[in-house]
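1. A structural model of the following input is requested.
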Amino acid sequence: QVQLVESGGGLVQVGGSLRLSCAASGRTFSRYHMGWFRQAPGKEREFVAAINWREGYTVYADSVRGRWTISRDNAKNTGYLQMNSLKPEDTGVYYCAADLRWLTITSTNDGGYWGQGTQVTVSS
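-> Predicted coordinates:
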């Protein structure tokens, strides 16, 4: 089992920044790929970004590439999502995710581990 707890969400104005954190506990988190997903009101949950556990290779959704950065600190069992240049359409609940399968963490994370989510609201 892997337990994930997100923090760092909140209310921010357009163009502002937030940094989300994901604290992991349980099994060896450093061996799990980590990702972030989000769900906007009335929409399905979607992939945002992922980071490979070994090489640190990263993948981003087109909507956030160039604005956001995913990272991790395996010594602290913590992952991060630095969100810059925030837009109103970035509003939603953000979920941390972990899985052993790269294809899974970069798509739907079906069968993987999830955090409880943290709300991000971008006001215009």
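
2. can you name the residues that contact Y95?
-> E6, W36, F37, R38, Q39, R45, W114, G115, Q116, G117 (C-beta atoms under 8 Å, 6 or more residues apart in numbering). Placement of C-beta: from N, CA and C, glycine included.

3. N109 too?
-> Here N109 is in contact with G35, F37, F47, A97, D99 (C-beta under 8 Å, 6+ apart).

4. if we can go back for a sec, among the contacts of Y95, which one sits closest to G66?
-> Proximity of the contacts of Y95 to G66 (C-beta to C-beta) peaks at W36, which lies at 15.7 Å.

5. what about the closest one, how many neighbours?
-> W36 is flanked by 27 other residues according to other C-beta atoms under 10 Å.

6. quick one: L103 from N84, how far?
-> 28 Å (C-beta to C-beta, to the nearest Å).

7. same check, this time on D73
-> 19 Å.
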